[in-house]
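Enquirer: pasted the sequence and its predicted model underneath.
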Amino acid sequence: LMCPNAMATRLRQTSDRLQRRTIIKSTTSRSRPQRVNRLVEIANGKDAVVLRCSHRGCRDVIPVCILKLSDRCSTTFKSAKWHHISCDEHYCQCCYDCYTQKSGLRKVNDWRRLWKLNGGKALPSIKLFIAEGQSATIDPFLHMGRMLYGEEGRGWCWRKPSSANKRNCMKCSKWRTVLGTCYYNDFANFDCSRVISPTDDGQDPCSVAEDPVARRALVSYWFKYLAVPPLLKNSPAAVFLKKEYYFDLLGMSPTSLVDTHLYKFLSVSVEQNARPFYMATDYDRARCFRPDAMEPDEIKAFPEYESEQNFYLCLRNLIVALWNLNPSNWITPADCKKKIICRGLIRILLTHEVGRILQFLTHQGLVNFGLLKNPPNCFSIAPKKMSVVVVGAGISGIAAARQLQNFGVNVVVLEIKEKAGGRIVDDCSFGVPVGRGGQLITGIINNPFCVLCFQAGINFRVLREECPLISERTGKIVNHDVDRQVECHFNALLDVIEHWQRRGDMDDNLLTLMKKVDRCYSAHKCGSSLESVDEEELFNFHISNLEYSCGSPLEMVSGLHWNQNEKFPQFAGSHALMTAGCARITDQLVEGLDVRYCKKVVGIDYSSEQVKVCTADEETFICDKVIVTVPLAVLKKECIEFLPALPDNKLKAISTLGCGIIEKIALRFSKNFWSKKTNAADYFGSVSSKGQQRGFFNVFYDFTPPGTSDDETCNVLMCYLSGESAQLIHSKTDEAIVDLCVQTLRRMFPEEDIPEPMKYMVTRWGQDPDIGMAYSYICVGATGDDYDAMAETVKGKVHFAGEATSRQFPQTFTGALVSGLREASKILG
């Protein structure tokens, strides 16, 4: 066996080419070849054997020490051992030893304590310390961008010139090695002249060639050979994570979190509503990310990061955090790159990939959606513009149209009525906006409609949980203990039904929810104390509320699938009332869109390569794709002829799902007679007498603005009719309905002299030929799969959106909004 030094002395003094030698090392039982060393010609004309990095990814790399801390640093490629960070970044044993001695070890131990204190999971090794680039000379948390590795003035940092700040760098995208101290602003305002001085002949610093090693970080497999995962400094995601995760497992540095106070919410309302990441105590929450794992659709889009998810997660979490901190502005790749602060060549890869990830999240409608205008050019799609026709200008249609138009798609919206909004219509003649249709936000946390409200500068009133119940029979507030007892019994009944649903078979699919409630109630009543009249009236009140939630009498609702959406994450938090109205949102969404009003679509021909959309006035629109957002009731009446006919599963879903009817009544009085008794609650309930029909004016919402109860122009109550009561409205006049409502209030407040209303409003959605419903529900015989069938695209050209296509969020205008973003995402790819 010949040692490397002895072998090198026997070689000829100069080499015309690099030669490889295999050194055979004897073992106890056999000999095995070791890694091939390289012969490198050095300055004195003699060859020397270089010990290569032992990492399998460094097969063809000659290591060079990047630290240069020790006077004995192996600048001539010699080292007893090389320590691997990446295929192009190594440090020698001599520099490593500098951190095992007193002065260097003290710095490492200080860093280790901070690492563990702030939630680091990995073992705080010296290699990790060097990869983080810590230095005790200057506070690394205030100047965390100071160097790539090592001490002040003895390291390098890869940064890219910012074209937004320097004109002469508009076309320069070269990466440079920066020596010395680097600050926060350096990453945003860097240009080539900072490290390359102009020559005497006036040569532009940007014309100097880029170091070839910078491009090697973009090789597809390069990141797989990193010894240390990326550790972003001061990532804005830390604002939301609150130390409930191991930050290093999320691609974030645990030792540089103290500057997260630099990231502040744009408003208190955004701070209260934004919860983009799951916490340990959270239940399923809609539009919420696991910060420590990729979602299935993310893995499908970025399969290369499935086994190394840190690289994706650190960027995705950063983008999501930036959007939730300020959803009023576009998040661009340039914005994200300014926040990617880390050491080494990995920063080149991260800044290159952040654009792809941002594009994906934007097309998915998770960031950069809503009322944003003038989109940056970086989000435009293919040069050949696509054309899309949207049928219906409800919130789902105009949300999809706005999203598509922002990304360069030619969009035309066809609306049968004279105004956009669909079932979102406000009546402002009461002194306050009163919604004729949707006006209640169900769950404000992560709700995209709340994002639209913030972008539009519109406030909403978060509803308090207190809801006093007033008996029509006695005119008194129901005893709180009795109320809680009945509510407990009713929730227990629903739990029994849920348990039955989990073990139900196909035969149970024909059982109505009312029959199942009656069976459970009869069995449950025998073992309970629900015997008084008050308790039975309260129980009927809860049944009526359930009918309002379903949008139909329980005799028509599927007992097995009525609450199928609860299997999916829902929006958390309190409910809110849009006291400023929802129409202002739709009015701003429709701005800049090409909307053709009074256009009744009667036919959609998708038999050829392009789609033909025909209207009742014999106008034809040619497009690549069409999005149908008309209500389910319109599809049931076959007002639109599809050529060829829709698939059988789509037709079955249209015929099986139900069209719920909810009607609203609004009354304005000359005085506020209810606040004293209800303690100024946001809403209060009416418990009807035993024997009366359910669904008559169950809940009254107080629209009176705070501090205006003495103003006779603002004393407004709104209530609704649900269940079978909603059907009775068709046979009565508005005056008769209002009279019934006032009589109910007089029974609830016998001590008050209630005047006749100064103004009233009664909706008739069920009789509107262009809408015909309030929202959908699961009929007997239907399942949640029918919602999925409604959402399916036909032959890649005919898309469907609206609340009746949203299995996760049916019956809400938020579900309609999300469905519009969903179809836009399908089209954008």
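Expert: Everything's here; your move. Just so you know, these numbers come straight off a predicted model, no measurement behind them.

Enquirer: I'd say Trp115 and Ile126 touch.
Expert: No. Counting by Cβ atoms under 8 Å, Trp115 stays clear of Ile126, with 12.0 Å between them. Where you see a C-beta, it was placed from the backbone N, CA and C, and this is true even at glycine.

Enquirer: which one of those two has more residues nearby?
Expert: Trp115 (23 against 19; other Cβ atoms under 10 Å).

Enquirer: for the more buried one, which non-adjacent residue is spatially closest?
Expert: Leaving aside its chain neighbours, Trp115 sits nearest to Pro124 (4.4 Å; criterion: Cβ to Cβ, 6 or more residues apart in numbering).

Enquirer: separation between the one you found and Pro254?
Expert: 9 Å (Cβ to Cβ, to the nearest Å).

Enquirer: between those two, what contacts are shared?
Expert: Trp115 (Cβ atoms under 8 Å, 6 or more residues apart in numbering).

Enquirer: now the stretch 451-600 of the chain, which segments are flagged as low pLDDT?
Expert: Counting by pLDDT under 70, the stretch 451-600 of the chain contains low-confidence residues at 505-507, 524-531.

Enquirer: show me where it has strands.
Expert: 461-462, 469-471, 576-577, 595-596 (DSSP state E, counting those that start in this stretch).

Enquirer: likewise for the stretch 101-250 of the chain?
Expert: Under DSSP E, counting those that start in this stretch, the stretch 101-250 of the chain gives strands at 157-159, 176-178.

Enquirer: and the ones you listed, which one's lowest on average pLDDT?
Expert: Lowest mean pLDDT within the strands of the stretch 101-250 of the chain: strand 157-159, at a mean of 45.

Enquirer: find the nearest non-adjacent residue to Ile737, please.
Expert: Val762 (5.2 Å).

Enquirer: now do the one you found: how many residues are near it, please.
Expert: Applying other Cβ under 10 Å, I find that Val762 has 20 neighbouring residues.

Enquirer: where does it land on pLDDT?
Expert: 96.

Enquirer: measure it to Gln743 for me?
Expert: 15 Å.

Enquirer: how about Ser689?
Expert: In terms of Cβ to Cβ, Ser689 sits 12 Å off from Gln743.

Enquirer: then Val590?
Expert: From Val590 to Gln743 the distance is 41 Å (Cβ to Cβ).

Enquirer: cool, and Glu244?
Expert: 54 Å.

Enquirer: now swap in Asp495 and tell me
Expert: Taking Cβ to Cβ, one finds Asp495 at 37 Å from Gln743.

Enquirer: those two: which is more packed in?
Expert: Of the pair Asp495 and Gln743, Gln743 is the one with more neighbours under other Cβ under 10 Å, namely 14 against 11.

Enquirer: do you know how far that one is from Ser725?
Expert: Gln743 is 14 Å from Ser725, by Cβ to Cβ.

Enquirer: then Ala492?
Expert: In terms of Cβ to Cβ, Ala492 sits 27 Å off from Ser725.

Enquirer: more neighbours: these two, which one.
Expert: Ser725 (23 against 13).
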